[in-house]
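1. pasting the structure only:
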């Protein structure tokens, strides 16, 4: 009974974390882009005169999307058209099931592992689930019976499959260093110190891998400079052109949820997840009760995730968009060879250190 | 495998880009045949903004045409005003006073800056560099404040008059202009910082939308697009009008005629325009702002109220208009996008018998299929952005 209750709480925390952060990001993106562009950004939505620096805008947005007409174009495949946004949205939530929020901690007498599901293939599960999102995008674009959508779908399929190769190969470097595919073990291993004083974070052991993973993950999330499937000035809005109402909202949320997931994975793999540099869980547990340590670790993890989200938003508002052939060249001719070289060098270094 | 591809029936997909497409600002349609991402053929379809400018002119007095010219290139209306007024002045055989010439130069260059800023910002936005658009819009706002100070309107300026200009510059204009030009310079620097050495932007622009010098001349392309191909032709230098021969400025030239060169030429022209404005502000003499001919210019309002002669002249010009002698005149000025010419034919009446406008956009848009030979779908966007088609001017 207690086990089930703990699991339910963990699921609720993970889901709410993604949902709320994604909702908040829609606001943050507008606000931040506004500051980059020397404007004020959203500040109009008010409830009884309370504006909260535009924080009510995501709420207003949600209400608007639910109230809007749900339009299915003539000649569209109705079933696929309807299912597609669900497929696009759900992987982002599922992926968070294996991302650890904190260490295994004694909380109120229970031994709680702060991860929803510590399955033994954690990292592979994330990659597998994330690639399901392609189907949502691709089917959505194809089922819309629109030439622009079809172009967007084709672009997204080519782009996401190409960059997934780099994504997968970069992860291999991490697996070699930490010798585990379990995300909680990878994070725990990052608490060690290198040469006695440098935290053994992924970004230290795999600096090239970090950059590659970040670039490939941004390409996966289909945001500028990789927003070719959307390309609003070229192919109008690409794959979600024929979507309205909450179905569009789901694609929209999916994009932001994916930012959160990418930030979560990068934080776990390269930035030590819930680890605080030079402070181990044992040291924390000596000073604080278990529940407070859990809160501290969740807070640290969230801070890293938010910082990475911010970084992604900033990149999105600074760079222009690639062209299709340039994107492919970057993916196959630059990122892929570098990631292969990264694996080779990592292996060499590990061999030499043994 | 070879047999498989033979049997596979493939055909090009026809895309109707526009008239309501995010990149087709100014309302135009591109009928694009694509093979995957590659373009097979492009056909621009123009005429969506046709309002019968030339026919309207034939039914209006010479002065009544001026408001129509605002709507030609609506991003730089001063240049259109001045171009038309000077064509009619050539027909009349009159010379405007010195101060008026300097004021016109000022106005034209302010318009040119706002024109280029719009073009650069919009094409930045179409490559998804949205921030650049808002920087350039902010810079353009400073320019439009100057436009407003000069003419009282932001877009529909109707500022030039045949034989002069409507208003002198207001008090404090000079200081304000200098201040705002500084701000524009800073914002243009920001824009350059974001784009010029940006690898993605460079790759998107370099080598795309190439129109070489020979093709430019064959199509009749003028303006930044021609200069980007390395041809030294600027109406301000080739056939100096107003006081451009007394002002020190350079004509930036590109080499290859691709989108990147067009971009750089436009950026550099902004700096040259700022130079021209600064010189004009220094050199501008005192004096009248319109010719002192009661048959051509309206008398001052105060005199209209107090003297019968002025009242009669005022009445005559308003009701009967001016009557140039029989003949024809062509006058070209350097517009934001190239040579903007007005060809006016008079039959001696108060209305132009024919008023033809040679807008620079029309030949450039004709050349778009040439620029996009063998390009990709995504290249349509920067190429068309750098063409800077203004619907009002092309379709008239």
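-> Noted; the coordinates are in hand. In this text, all values refer to a predicted model and were calculated from it rather than measured experimentally.
2. How far off centre is stretch A:96-103?
-> Taking C-alpha atoms, centre = their mean, to the nearest Å, one finds stretch A:96-103 lying 13 Å from the centre of the chain it belongs to.
3. I should have written stretch A:172-180 there, sorry.
-> So, by C-alpha atoms, centre = their mean, the centroid of stretch A:172-180 is 20 Å from its chain's centroid.
4. I figured residue B:63 hits residue B:322, correct?
-> Yes. Counting by C-beta atoms under 8 Å, residue B:63 touches residue B:322, with 7.1 Å between them. Every residue, glycine included, has its C-beta placed from N, CA and C.
5. Can you tell me the element residue A:24 falls in?
-> helix A:2-36 (DSSP states H and E).
6. Correction: the previous question concerned residue A:339.
-> Short version, using DSSP H and E: residue A:339 is in helix A:336-353.
7. Against which helices or strands is that helix packed?
-> The contact analysis (3 or more C-beta pairs under 8 Å, 6 or more residues apart in numbering or on different chains; DSSP states H and E) places helix A:336-353 against helix A:147-178, helix A:207-220.
8. Which residues does it contact?
-> With contacts defined as C-beta atoms under 8 Å, 6 or more residues apart in numbering or on different chains, helix A:336-353 is touched by A:165-166, A:169-170, A:172-173, A:176-177, A:206, A:208-209, A:212.
9. Mind putting the residues you listed into TSV with neighbour count, pLDDT and distance to residue B:328?
-> Below are the contacts of helix A:336-353 laid out as TSV (neighbours: other C-beta atoms under 10 Å in any protein chain shown; pLDDT from 0 to 100; distance: C-beta to C-beta, whole Å):
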residue	neighbour count	pLDDT	distance to residue B:328
A:165	16	86	68
A:166	27	86	67
A:169	20	88	72
A:170	27	88	72
A:172	16	88	78
A:173	25	87	77
A:176	17	86	82
A:177	20	85	82
A:206	24	84	76
A:208	15	88	71
A:209	26	88	73
A:212	22	89	68
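10. what phi and what psi does the backbone show at residue B:40?
-> The phi/psi pair for residue B:40 (degrees, to the nearest 10) reads phi -90, psi -50.
11. Just want the phi and psi numbers for the spatially closest residue to it that is not a sequence neighbour.
-> Leaving aside its sequence neighbours, residue B:40 sits nearest to residue B:33 (C-beta to C-beta, 6 or more residues apart in numbering or on different chains; 4.0 Å). Reported as degrees, to the nearest 10, the phi and psi values for residue B:33 are phi -90, psi 120.
12. Next up, the contacts around residue B:33.
-> B:12-15, B:39-42.
13. got it, and residue B:222?
-> B:233, B:235, B:337-339, B:360, B:363.
14. Can you select the buried ones from the contacts of residue B:33 in ChimeraX?
-> Only the buried entries of the contacts of residue B:33 go into this ChimeraX selection, using 16 or more other C-beta atoms under 10 Å in any protein chain shown:
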select /B:15,39,42
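15. Select from the contacts of residue B:33 every entry located in strands.
-> Judged by DSSP state E, the subset of the contacts of residue B:33 located in strands is B:13-15, B:39-42.
16. now the strands for the stretch 251-396 of chain B?
-> B:327-334, B:339-346, B:354-358 (DSSP state E, counting those that start in this stretch).
17. Figure out which of the ones you listed is closest to chain A.
-> Of all the strands of the stretch 251-396 of chain B, the one in closest proximity to chain A, counting by C-beta to the nearest C-beta, is strand B:339-346 (27.5 Å).
18. count of neighbours near the closest residue to residue A:43 other than its chain neighbours?
-> Nearest non-adjacent residue to residue A:43, counting by C-beta to C-beta, 6+ apart: residue A:54, 4.6 Å away. Neighbours of residue A:54 under the rule other C-beta atoms under 10 Å in any protein chain shown: 19.
19. repeat for residue B:381
-> By other C-beta under 10 Å, 29 other residues sit near residue B:381.
20. Please apply the same query to the one 4 residues further on.
-> Burial measure for residue B:385: 26 neighbouring residues, criterion other C-beta under 10 Å.
21. And for the helix or strand encompassing residue B:187, what's in contact with it?
-> In this structure, residue B:187 is located in helix B:173-195 according to DSSP H and E. By C-beta under 8 Å, 6+ apart, the residues outside helix B:173-195 that reach it are A:318, A:320, B:106, B:110, B:113, B:117, B:120-121, B:124, B:129, B:131-132, B:135-136, B:138-139, B:142-143, B:145-146, B:149-150, B:201, B:263, B:267, B:270-271, B:274, B:277-278, B:281.
22. following that helix, which helix or strand shows up next?
-> In N-to-C order, the element after helix B:173-195 by DSSP H and E is helix B:199-205.
23. do that following helix and chain A meet at all?
-> Yes. Counting by C-beta under 8 Å from any C-beta of the partner chain, chain A has neighbours in helix B:199-205: B:200-201, B:203-204.
24. Might you report the residue contacts of residue A:312?
-> By C-beta under 8 Å, 6+ apart, the residues touching residue A:312 are A:218, A:221, A:223, A:259, A:262-263.
25. how close does it get to residue A:305?
-> Noted for residue A:312: a distance of 11 Å to residue A:305, by C-beta to C-beta, to the nearest Å.
26. what do the two both touch?
-> Contacts common to residue A:312 and residue A:305, judged by C-beta under 8 Å, 6+ apart, are residue A:263.
27. Check the stretch 151-300 of chain A for the residue nearest chain B and tell me.
-> residue A:233 (4.0 Å).
28. my guess is that residue meets residue B:129, correct?
-> No. Assessed by C-beta under 8 Å, residue A:233 is found out of contact with residue B:129, at 10.5 Å.
29. And the helix holding residue B:187, what's buried?
-> Here helix B:173-195 shows B:176-177, B:180-181, B:184, B:187-188, B:190-192, B:194-195 as buried, counting by 16+ other C-beta under 10 Å.
30. What is the nearest of these to residue B:285?
-> residue B:177 (16.9 Å; C-beta to C-beta).
31. Now do that closest one, the pLDDT please.
-> What the model reports for residue B:177 is a pLDDT of 89.
32. repeat for the one 10 residues further on
-> You'll see residue B:187 listed with a pLDDT of 87.
33. can you check the one 4 residues further on too?
-> Model confidence at residue B:191, given as pLDDT, is 85.
34. So which residues on the stretch 1-150 of chain A come close to chain B?
-> A:33, A:36-39, A:147-148.
35. So for chain B, which residue is the most central one in space?
-> Centroid-nearest residue in chain B: residue B:336, 3.2 Å away (criterion: C-alpha atoms, centre = their mean).
36. For that one, which non-adjacent residue is closest in space?
-> Per C-beta to C-beta, 6+ apart, closest to residue B:336 is residue B:115, 3.1 Å.
37. The helix or strand harbouring that neighbour packs against which elements?
-> For residue B:115, the element it lies in under DSSP H and E is helix B:98-126. With contacts taken as 3+ C-beta pairs under 8 Å, 6+ apart, helix B:98-126 sits against helix B:77-92, helix B:130-151, strand B:164-165, helix B:173-195, helix B:259-283, helix B:377-387.
38. circling back: which one of the helices and strands packed on helix A:336-353 lies closest to residue A:228?
-> Minimum separation from residue A:228 across those (C-beta to C-beta) falls at helix A:147-178, 4.7 Å.
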